[in-house]
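In: how would this look folded up:
(chains A and B)
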Amino acid sequence: MSDLLSARDLWKKYRGHSVLAGADLVLAGGEITGLIGPNGVGKTTLLRLLSGFIRPDAGVVSTESGVLPHGTGPRGLAQFGGGHTIPPRVSARSWARDVSEGAWKGDERRRVRDLSRGTRQILGLEATLARPGTSIVLLDEPWEGLDPNGARWLNAALAERSQKGAAILVSSHRLHELAEVCDRFAFLRDGLVSVRSREEMNTARGPNGLLEEFDRRSEPS
Amino acid sequence: MTFLRMMGFFGRVTPLRGWCWVGMAATLLFAIWLEMANAGSSSGSVISLLLLQMMAVSTGFFSHARRGFYDPVLERSSRRSAAMAHFAAAAWPGAAIFVAIGLVEVVSARSFGVLVFDPSAGVALLMVSTIPWAVSARLGPLSGGVLWLLASVSFAISGMGLPLLAAVRVDAHVPVTKTILGALAFPMALPGSPCPASALGALTAITLAPLAATVEWITRADFPLREEEGS
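Out: Model (predicted):
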């Protein structure tokens, strides 16, 4: 599958603190990549940068059709930053229909603030993944607040999207889920990304390989 | 995403506050009542509407964008279109009521030569729509309207208030700069004033400049989530 989204040598500082320091990442169609790293390491920043919400201090984000200008997300992008990014006062149905461009067929009429955390998360994920014409999916902590049934649904939905050729990047601390669905694992540490394939991580041992790698990379350098 | 869909999205995500809707509806009813009682006397309702519009457009783009509320539009549309759609979504209810009051005046007076359709009233509506929107885009919801209102009150209770008000309302022969300052200090005094065309032209330019600057700023700004920067 071809590379649908590439980030090259991304640098980003907040108030003098380097969050990204030359990060590279390539997302290929038909692959699910798990983004892993300790809290505060810059996973959300990287996702928002790839979505065009943030300008890198240096580096470029590009698609098959060229380098993306600042403030522009890649064509075919669907991203979801978590239930807290859904406005609380809006009706769940109208928000989901807006986000999915009418493709979401649910009938949840309550306001978002009246939904449980898990229901809000499911609503956001369903609407995001239902959007037609999506080729790049970026999800931040998608399993947050989901019960086992919700997690199973999400894993199946991601696999289905991937089989249809979408490039998917999922940031999460849920190593069990990542080990189940991801083809590749991108570890973010000290502003840099290093990518390991599923085979390299030996995920046959379940999430233990990921946990060991996570522990190793979380130790102070 | 089309411009109208973006407007609809912004309207649903940051809807007009309930008290603004109530105030605007009451203002329209007030205008109808005034016109029925005495044709040509609805200027009070225009002033109320301008005041409400100041608050209604102060929606606070940045604070909502930093909570991720605008992500679905920002990821799919040009930033410039999104900013314009956000402004239009914030301004249209007040503008619609403004036109409705004008139509009430037209029906009552049987003439299009009414206050609302006077160029000075149009410039006043533009001023109270764009400047508070632009200010609140950076500073947060309601900030634009509240700060302008505070500035007007400060001018009114200071020694500068009356001369500036007179420059807008009474004397058509004062220097244009004084008329412009007066209109900026007291935009509610502008409708029906004897302002020269040059002052109205300058006020329009002054009014459009913050709109253009804010659209440009939104085009270039970063929208990290609040927690990303630890704030």
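In: so which bits of the one helix or strand in chain A whose mean pLDDT sits lowest are buried?
Out: Every helix and strand of chain A was ranked by mean pLDDT, DSSP states H and E. The lowest is helix A:208-218, at a mean of 73. In terms of neighbour count (16 or more other Cβ atoms under 10 Å in any protein chain shown), helix A:208-218 has its buried residues at A:209, A:210, A:213, A:214, A:217. To be clear about C-beta, it is placed using only N, CA and C from the backbone, and glycine gets the same treatment.
In: give me the buried positions along the strand or helix carrying residue B:103.
Out: Take DSSP states H and E as the rule and residue B:103 turns out to sit in helix B:79-109. Going by neighbour count (16+ other Cβ under 10 Å), the buried part of helix B:79-109 is B:79, B:81-95, B:97-98, B:100-102, B:104-106, B:108.
In: now the residue in chain A that chain B sits nearest to. Nearest residue, chain neighbours left out?
Out: Nearest residue of chain A to chain B (Cβ to the nearest Cβ) works out as residue A:85 at 2.8 Å. Using Cβ to Cβ, 6 or more residues apart in numbering or on different chains and skipping the chain neighbours, the partner closest in space to residue A:85 is residue B:68 (2.8 Å).
In: got a list of what that neighbour touches?
Out: A:81, A:82, A:84, A:85, B:225 (Cβ atoms under 8 Å, 6 or more residues apart in numbering or on different chains).
In: the last one contacts residue A:49, correct?
Out: No. Residue B:225 is beyond contact range of residue A:49, at 11.9 Å (criterion: Cβ atoms under 8 Å).
In: on the three-state scheme, the residue of chain B found nearest chain A is what?
Out: Closest approach between chain B and chain A, counting by Cβ to the nearest Cβ: residue B:68, at 2.8 Å. Following DSSP: H, G, I helix; E, B strand; the rest coil, the label given to residue B:68 is coil.
In: how close does it sit to residue B:15?
Out: Per Cβ to Cβ, to the nearest Å, residue B:68 is found 18 Å from residue B:15.
In: what about residue B:177, helix or strand, and which?
Out: Going by DSSP H and E, residue B:177 is part of helix B:176-185.
In: now for that helix, which elements pack on it?
Out: helix B:119-139, helix B:143-157, helix B:161-169, helix B:197-220 (3 or more Cβ pairs under 8 Å, 6 or more residues apart in numbering or on different chains; DSSP states H and E).
In: so which bits of the longest helix seen in chain A are buried?
Out: Using DSSP state H to assign secondary structure, the helix with the most residues in chain A is helix A:148-163. Within helix A:148-163, the residues that count as buried by 16+ other Cβ under 10 Å are A:150, A:151, A:154, A:155, A:157, A:158, A:161, A:162.
In: near chain A, which residues of chain B are found?
Out: By Cβ under 8 Å from any Cβ of the partner chain, the residues of chain B that approach chain A are B:1, B:5, B:8-9, B:12-15, B:64, B:67-69, B:71-72, B:74-76, B:78-79, B:219-220, B:222-225, B:227-230.
In: one more pass at 7 Å, please.
Out: Contact residues, chain B versus chain A (Cβ under 7 Å from any Cβ of the partner chain): B:9, B:12-13, B:67-69, B:71-72, B:74-76, B:79, B:219-220, B:222-225, B:228-229.
In: sort out for me which of the residues you listed are in helices.
Out: Within the residues of chain B next to chain A, residues falling in helices by DSSP H are B:9, B:12, B:13, B:71, B:72, B:74, B:79, B:219, B:220.
In: sorry, back to before: distance from the chain centre to the least confident helix or strand of chain A, please.
Out: In terms of Cα atoms, centre = their mean, to the nearest Å, the centre of helix A:208-218 is found 20 Å from the chain centre.
In: which residues does that helix contact?
Out: Helix A:208-218 is contacted by residues A:36, A:38, A:175, A:178, A:179, A:185, A:187, A:189, A:201, A:202, A:203 when judged by Cβ atoms under 7 Å, 6 or more residues apart in numbering or on different chains.
In: by pLDDT, give me the weakest of these.
Out: pLDDT is lowest at residue A:203 among the contacts of helix A:208-218; the value there is 59.
In: any buried residues in stretch A:5-13, and which?
Out: A:5, A:6, A:7, A:8, A:10, A:12.
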